[in-house]
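just to be clear, the model below is a prediction. Sequence and coordinates:
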Amino acid sequence: METKGRKSIELLAPAGSKEAFIAAVEAGADAIYCGGKLFNARMNAGNFDDEEMKKAIDFAHKRGVRVHVTLNILIKDEELKEALEYAERLWRMGADALIVQDLGLARLIREHIPNLEMHLSTQGTIYDLEGVKAASKLGFKRVVLARELSLDEIKEICAESPVDIETFCHGAICMCYSGQCQLSRANGGRSGNRGACAQPCRLAYEGWFANGKEGKGYYLSPADMSFLDSMGDLIDAGVRSFKIEGRMKSPEYVAQVTGIYRKYIDLYLEKGEYEVSSEDREALAQIFSRGFTDHHLKGEEDSDFMSGDISKNKGVLVGNITKGKVGRNLAEIKTLNHIDGGQLIKGDLLEIRGKGDSERVSLLLTYLEPAGKNVYRIGDVKEPVKEGHKVYRISSKAQGDREGIFYKNKDWNKGKFIRKVPVMVNIKNQGKELLTEGTALTKDGREFKAQVVAGPFPEASGNALVNRIESAFAKTGDTPLKFAGLNIEGTLDFTATMAELNGVRRKLYSALEEKMVEVAWAEKSLGGDMLPEDLADTREDGGSGIVELFFYNANDYLIHGKALVKDIMDKVGKDQISFRILLPAFQPKEIERIVQGEEGLEFVPYIDTITRGRRKEIEEALGELAEIGIKKIYIGNIGWIDAVKKMGMIPLADFGLNIYNRAGEVAMKELGLDGGMPSLETEGRYYGRIPLMVMEHSPEHASLKTKGRKYQLIKDDYRIQTILAPDGKVDYAKAVEEAVELSGDENIRGKILRFFI
């Protein structure tokens, strides 16, 4: 992959509002990702209705910037037609790509809008090369990798990837692998996979260690990622696109972060090296930070990975309280030299921190008086503060004013814009007519051309016309174009007034703008019927339901499972319900011992949703399972489809694939999967220790509690990842009760009741 050129590298900035969108373009983004009013994972952002989306796309395209629109949530059956029609509207508007999570929706887009580029969202949970290759087979042209990967893993994937690779480079990190978090939905019905995450990971939790020792803190709240020092390594690794997280962030944040990453990407592309300045580090921390970490990228433990005792914006330390009370509602601060020359200004937002949440005071500076060198007297301090309390600036008015130039007093078609596309103008005498051709060249190497013919003009001689032409075409005003040079072919033996030349310029530049908007979709064509007729439910009535007992450890079946199966059979009857015993595939020897001692039960091993770092080991386990006659394997990630099929076994779709609709079922069937468990987001019947989070970084505790809800952390010698599940005793009576109810259902063929044990 080419690395020494802008063509090969994309800086992708977020936009949750018009202001943020304009700020991102003006600050130097190569592409913008944003959401519409439908089907995106940040439904609480401002987002864009169809009219605004069209204006935004045109605004970007006129400046050589691409637009990727997020349709990155799971789609219900009854929403599929609307989602597909919305995708078609976005395509007609000129969207360059859709960022998609739902595999069923992706299948429909590939079938009915084949020329619309799709990127697999990070919520697709792709963490290895096999997953990337599977995504390519599903029609994706780009994969956004999981944020948990190391530089070596990213490099390995890029070296053999059949599609473009995108990684996050800055912003918030989820504690759970994206796409696999059920915590918000389970707690309050607000699903992150449906665009409404309530961020329960940012709450304070009580924690208990295995020895009973207690603590309290933000145990599920990571710091923010910042890969600024490693951009050169990532470029050399082969990453195509760098994504800044932040569709819920302010336009100032978008402008600041985009501008800084633009600076250092360009420095590396130009010089092959760079050194990040202390001013830029502080600017990133000031605009928003829970602390910064590159823990995952390094692939090693990092004491700064968690956000610590604050899960919100920490701000920048600017000084200390020297006098807690000076007169009425006043206090004194001694500031540090490093912040804007040691200056505070009115409009800064401060937070004064002592010990714990009870000693935190927020303060907007409305009264500020110098009281010595780097000492200030501040007013409106209505809560007690003490000498020695630290003072943090949460937001800087000076920084906000600086970043405001990127979006303030600007609209889609009006304003003094920074970002413009250079235009070369070529003039040729065509029989006393002026043949004018403009060529606009974007930073990624795309060319746009337009021609305008004017005249005929009266005969004349001299150089005045050349000067007049150059003066006319240099006037670009509020257009997205900038005059880059003039070339004249032959002799201009005629004359034209300034007004006439201005008219030619306006027509030429307007024609160029139209070309830049139209070229994104002019060659595309729809394929097939937009109505997904192949999604009718063809499942037959009658037959038996399936009770699945899912064990996190195979040995637990011997402790709890045998008795539970017997209890259900005694109350229901052997013919009314089929059983599947689900055991972890990475325990082949334990599974072999269990299978040999049982008859009449179906044992289906499962491959965990996340198996990062254990590919070879699990492939060897699959070989052992095939040898003992195992025919079916549950898989929770598309990266395991081919491996299971090569072993001669049948893959079943597990909950980690997030199959949420009939289109997803059809897509999986086309890939060779034989039914299985739908997403935990569905109204399925599953109980017990449901996996609410899959975490690469594990809290040290055995259990956590917040807002009256308690959770356990499932860790063992077999898994690298940690699973967060509801705490409490397993309700075996509930399993029996639900199995009895399932057996009485008149239409239960293929219905699954799963109990996580």
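That came in fine, so what should we check first?

what residues are up against the nearest residue to residue 395 once chain neighbours are set aside?
Of all residues not flanking residue 395 in the chain, residue 349 sits nearest, at 4.4 Å (Cβ to Cβ, 6 or more residues apart in numbering). C-beta: built from backbone N, CA, C; applies to glycine. Contacts here follow Cβ atoms under 8 Å, 6 or more residues apart in numbering; on that basis residue 349 touches 362-365, 393-395.

what's the distance between residue 349 and residue 363?
7 Å (Cβ to Cβ, to the nearest Å).

one more: residue 701?
Taken as Cβ to Cβ, the span from residue 701 to residue 363 is 35 Å.

is it correct that residue 396 is in contact with residue 286?
Yes. Using Cβ atoms under 8 Å, residue 396 makes contact with residue 286 at a distance of 5.4 Å.

find residues that contact each of those two.
Counting by Cβ under 8 Å, 6+ apart, the shared contacts of residue 396 and residue 286 are residue 316.

report the buried residues of stretch 245-260.
245-247, 249-260 (16 or more other Cβ atoms under 10 Å).

neighbouring contacts of it?
Counting by Cβ under 8 Å, 6+ apart, 11, 13-17, 19-20, 22-24, 26-29, 33-35, 42, 44-45, 70, 168, 170-172, 225, 228, 244, 280, 283-284, 287-288, 399-400, 403-404, 406-407 sit against stretch 245-260.

just give me how far that stretch sits from the chain centre.
14 Å (Cα atoms, centre = their mean, to the nearest Å).

next: stretch 8-26.
14 Å.

likewise stretch 681-695?
On Cα atoms, centre = their mean, the centre of stretch 681-695 falls 22 Å from that of its chain.

can you give me phi and psi for residue 325?
Dihedral pair for residue 325: phi -150, psi 120, per degrees, to the nearest 10.

tell me the bridge partners for the residue lying closest to it once chain neighbours are set aside.
Sequence neighbours aside, residue 331 is the residue nearest to residue 325 in space, at 6.5 Å (criterion: Cβ to Cβ, 6+ apart). In this entry, residue 331 is beta-bridged to residue 378, by DSSP bridges.

measure residue 331 to residue 368 for me?
11 Å.

repeat for residue 512
Relative to residue 368, and taking Cβ to Cβ, residue 512 is found at 50 Å.

give me the more crowded residue out of those two.
residue 512 (25 against 17; other Cβ atoms under 10 Å).

isn't that one up against residue 440?
Yes. Counting by Cβ under 8 Å, residue 512 touches residue 440, with 5.3 Å between them.

rewinding a little: closest one of the buried residues of stretch 245-260 to residue 583?
Taking Cβ to Cβ as the measure, residue 245 is the one of the buried residues of stretch 245-260 closest to residue 583, at 37.3 Å.

mind listing what the most centrally placed residue in the chain touches?
Among the residues of the chain, the one closest to the centroid is residue 122, at 5.5 Å (Cα atoms, centre = their mean). Residues near residue 122 by Cβ under 8 Å, 6+ apart: 144-147, 168, 178-179.

quick revisit: nearest to residue 722 among the buried residues of stretch 245-260?
residue 245 (22.9 Å).

from residue 31, how far off is that closest one?
15 Å.

what of residue 150?
Taken as Cβ to Cβ, the span from residue 150 to residue 31 is 25 Å.

likewise residue 633?
For residue 633 relative to residue 31 (Cβ to Cβ), the value is 39 Å.

low-confidence ranges in the chain?
For the chain, the stretches flagged by pLDDT under 70 are 1-7, 41, 43-45, 337-342, 462, 519-544, 573-575, 743-750.

number of nearby residues for residue 210?
What residue 210 shows, counting by other Cβ under 10 Å, is a neighbour count of 11.

helix, strand or coil for it?
Using DSSP: H, G, I helix; E, B strand; the rest coil, the structure places residue 210 in coil.

grab the nearest non-local neighbour of it.
residue 702 is the one closest to residue 210 (Cβ to Cβ, 6+ apart), at 4.5 Å.

for the one you found, give me its contacts.
With Cβ under 8 Å, 6+ apart, residue 702 has these contacts: 208-210, 712-713.

restricted to buried residues, select those residues in PyMOL.
Of those, the buried ones go into a single PyMOL selection, burial set by 16+ other Cβ under 10 Å:
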select buried, resi 208+712+713
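
for the contacts of residue 702, give me CSV that also has distance to residue 463.
Converted to CSV, the contacts of residue 702 look like this (distance: Cβ to Cβ, whole Å):
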residue, distance to residue 463
208, 87
209, 86
210, 89
712, 85
713, 81
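
residue 498 and residue 471 touch, don't they?
Yes. Shown here, residue 498 and residue 471 form a contact pair, counting by Cβ under 8 Å, at 7.5 Å.

how far away is residue 517 from residue 225?
Separation of residue 517 from residue 225 (Cβ to Cβ): 35 Å.

now residue 606
31 Å.

neighbour count winner among these two?
Each of residue 606 and residue 225 has its neighbours counted (other Cβ under 10 Å); residue 606 has more, 25 against 22.

give the closest residue to that one in space, chain neighbours not counted.
residue 634 (3.7 Å).

could I have the helix or strand containing the one you found exported to PDB, CA atoms only?
Following DSSP states H and E, one finds residue 634 within strand 632-635. Output in PDB follows, covering the C-alpha atoms of strand 632-635 (Å, rounded to 0.1, in the frame of the first residue of the first chain):
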ATOM      1  CA  LYS A 632     -22.400 -29.000  14.800                       C
ATOM      2  CA  ILE A 633     -20.700 -26.000  16.300                       C
ATOM      3  CA  TYR A 634     -22.200 -22.700  17.500                       C
ATOM      4  CA  ILE A 635     -20.200 -19.700  16.300                       C
END
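
report how many residues lie close to the residue nearest to residue 555 when sequence neighbours are not counted.
Distances taken as Cβ to Cβ, 6+ apart place residue 590 nearest to residue 555, at 6.1 Å, with adjacent residues excluded. Around residue 590 there are 17 other residues, counting by other Cβ under 10 Å.
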